[in-house]
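Peer 1: compute the structure for the input listed below.
(one chain, ligands or ions: 2)
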Amino acid sequence: MRPTLRSTAALAAAAALLGCPAEPGQRVSTGLGAKADQIAYDRGLTPDDVAAALKTYMPSGRIDDHIMFASSGHAGQVLVIGLPSMRLLRTIAVFTPEPWQGWGVGGKESMEVLAHGSAGGKHLTWGDTHHPSLSETNGVYDGEFLFIGDKANARVAVIDLRDFETKQIVKNPLATSDHGGAFVTPNTEWVVEGGQYAAPLGVGTYAPIEEYDQRYRGYVTFWKFDRKKGRIDVERSFGMELPPYWQDLADAGKGESDGLIFMNSFNVERATGGVESGNPPFEAGASQRDMDYLHIIDLKKAAEVVQRRGVKINGFTTIPLQASIEEGLLHFAPEPKSPHGVDVTPGGEYAIVSGKLDPHVTIYSTKKIREAIARGTSNKDPYGVPVLDFDAVVEAQVELGLGPLHTQFDDKGYAYTSLFLDTAVARWTLGGEYAKKHGQAPWSLVTKTPVQYNIGHLAAVEGDSASPGGGWLVAMNKWSIDRFFTTGPLLPQNFQLLDISEPGETMPVLYDMPIGVGEPHYAQIIRADKLKPWEVYPEVGWNPMTGQRDPNATEKGKERIVRRDDGVVEIWSTVVRSHFTPEHVKVRQGDRVIWHLTSLERARDATHGFCIGGYNINLSLEPGEYASIEFVADQPGVFQFYCTEFCSALHLEMVGYLLVEPTTDAGK
Ligand code: RUQ
Ligand code: CUA
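Peer 2: Ligands and ions are numbered 1, 2, ... in the order given. Predicted structure coming up:
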């Protein structure tokens, strides 16, 4: 739809006719007729406002042509947003229980996914989602799966984009926290999860902080993805031990750099903090040096070496640091200064590093890196990792402004970098073949657009893939300050949509979208026509976790309640507008209840909820879905179970009684 909107004659006319911005009460001509002029006048809209509205407005029923998957930070979910309208379409429950989707509130299937992700101790009910990563084929988004990391607990989740549901959460056995994940290799064989705050490897391992240099370590994990099964294969996954620097964002090489992994680090100072004892705080201690280390990892080789030299740490196959050094799996290159994002260009020729405390982005050449590795180096870090010569591997540096963080790409040979301190998006030209192809001066700043406020990540259409789409860019701003109504002291964050379709210096902000449900970090934007979601589940009785009809799925007329000798009551129910069958379920206090529910619906959007008040249970049964619950009926009394989705005119009648007969006089 977008190209049509962009090329409307009216839009061009509006732009041409309007020279100066309007102020409230100032007459402007929109070029769209008297009625539009009057509305613009009444609302005090400038010509730019009118153009922005025309580019982003979606008439009722028109569907966005791009879909953005955004993290929600410590809300632990994924946000699905349509572009260019910037409408929130839904959330995907991942690490945090979410009742609307029936996620983790009584449903056996989702509780099992969450329990698997909690392996290793506490039952976790939230996560800190940072980096969503769409599955790729030949470096291009294929729309099949989405992965996302949990920084707080070092976990990675797998979401199937046929039903937009989380299928798997894996807990990293090596560490409690991560950051550099999830990032996929060009054919999604591997999902990268890099560490952050160094600690003794192996969850539950203790070492005093005084032994930081000797016993604390960084790490990176390569999760093997089995696309056929749609699951991470933990057995075939492995980790690598790294020096106790704080590894940061990563990116998988592609094209020319296929097989390599780039990963930043900071705190190579190995500061251990402790302000309370008169030590410099981490923020100062970790920022003393001018250079940190870009980690260059040969994943292709590592996947072979691990067969010979992998050892088990907490049951998880890991390549020891010494083995990585001996086998040539790991090289460092100096990088300025407290870097954050590393982003590989579409063809894989360059890795672009942003130093938070350096006004430049530094561009590393894959070719030069490979040559420098082949030549060898005698420079080593304190742990014996070879350090390549900065000048030998750097292609260029571009001065962009203060606080560069992350970089994305478009189809016109531009790169876009977020500037946190400048609170702006910088557009600059790539060099090499990109500059030749697009007839541009290489490696130079083109323009900056201010955003509100404190931009973190940015996402352009397929902007980290091998085929960036251009057109739109979203600035993910950490603060909104004065952009919206004051919702108490806690304010939403602000996504701003930028139009990057025009080359050169024009790159306007079009739209503000408050995010009031979490703190988004990274996002990816995919062309909507690449997604092939199901409209209803493929057959009645579909178990979304097993991906097939469940053996306990129930046909109409076969509903039943069976009381077994062992104090278990098992119920097979069907669900259809507008009744549950059966409607009376009687159990005794203390019975274990196993309840199978099958939606018989085949109509699109005919979703039913199923809650049991007082028992902390709610399911969402989408058309055709099978789900189950298991609980002990320990509370006596009369409980309603009802449909929580307003599904039909007689939705209020979609109810039944759970009668829990007391085993003592107490409840009578
Ligand atoms: S981070 S604002 Cu967790 Cu991706 Cu850079
Ligand atoms: Cu089914 Cu309301």
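
Peer 1: in which helix or strand would I find the residue of the chain found nearest ligand 1?
Peer 2: Using Cβ to the nearest ligand atom, the single residue of the chain nearest to ligand 1 is residue 456, 3.0 Å away. Quick note: C-beta positions are derived from backbone N, CA and C, even for glycine. Using DSSP states H and E, residue 456 falls within strand 455-460.

Peer 1: tell me which helix or strand comes right after that strand.
Peer 2: By DSSP H and E, the next helix or strand past strand 455-460 is strand 472-477.

Peer 1: picking up where we left off before, quick one: strands adjacent to the strand holding residue 456?
Peer 2: Its sheet considered, strand 455-460 pairs with strand 472-477 (antiparallel) by DSSP bridges.

Peer 1: what lies in contact with the partner strand?
Peer 2: 66, 68, 70, 83-84, 408, 410, 416, 418, 423, 425, 451-461, 463, 493-501, 507, 509, 520-523, 525 (Cβ atoms under 8 Å, 6 or more residues apart in numbering).

Peer 1: quick one: the residue of the chain closest to ligand 1 and residue 420 touch, right?
Peer 2: Yes - contact criterion Cβ atoms under 8 Å: residue 456 and residue 420 qualify, at 6.8 Å.

Peer 1: overlap in contacts of the two?
Peer 2: In contact with both residue 456 and residue 420: 405, 478, using Cβ under 8 Å, 6+ apart.

Peer 1: sorry, back to before: and the residue of the chain closest to ligand 1, what is it in contact with?
Peer 2: Counted by Cβ under 8 Å, 6+ apart, residue 456 has contacts 405-406, 418, 420, 476-478, 521.

Peer 1: 7 Å instead?
Peer 2: 405, 418, 420, 476, 478, 521 (Cβ atoms under 7 Å, 6 or more residues apart in numbering).

Peer 1: which residues of the stretch 51-200 of the chain fall in helices?
Peer 2: For the stretch 51-200 of the chain, applying DSSP state H, counting those that start in this stretch gives helices covering 108-117.

Peer 1: cool, and the chain?
Peer 2: Here the chain has its helices, by DSSP state H, at 2-6, 9-17, 34-43, 47-56, 108-117, 212-215, 282-285, 299-309, 321-326, 366-375, 390-393, 432-438.

Peer 1: and for residue 48, the neighbour number?
Peer 2: Applying other Cβ atoms under 10 Å, we find 16 residues neighbouring residue 48.

Peer 1: give me the distance from stretch 372-389 to the chain's centre.
Peer 2: 34 Å (Cα atoms, centre = their mean, to the nearest Å).

Peer 1: interface residues of the stretch 451-600 of the chain facing ligand 2?
Peer 2: residue 578 (Cβ under 6 Å from any ligand atom).

Peer 1: any idea of the pLDDT on the nearest residue to residue 516 once chain neighbours are set aside?
Peer 2: Excluding the flanking residues, the one nearest residue 516 by Cβ to Cβ, 6 or more residues apart in numbering is residue 492, at 4.0 Å. In this model, residue 492 is scored at 97, pLDDT.

Peer 1: same deal with residue 98?
Peer 2: On pLDDT, residue 98 comes in at 97.

Peer 1: how about residue 459: which residues does it bridge to?
Peer 2: Residues in beta-bridge contact with residue 459 (DSSP bridges): residue 474.

Peer 1: fine by me, we can end here.
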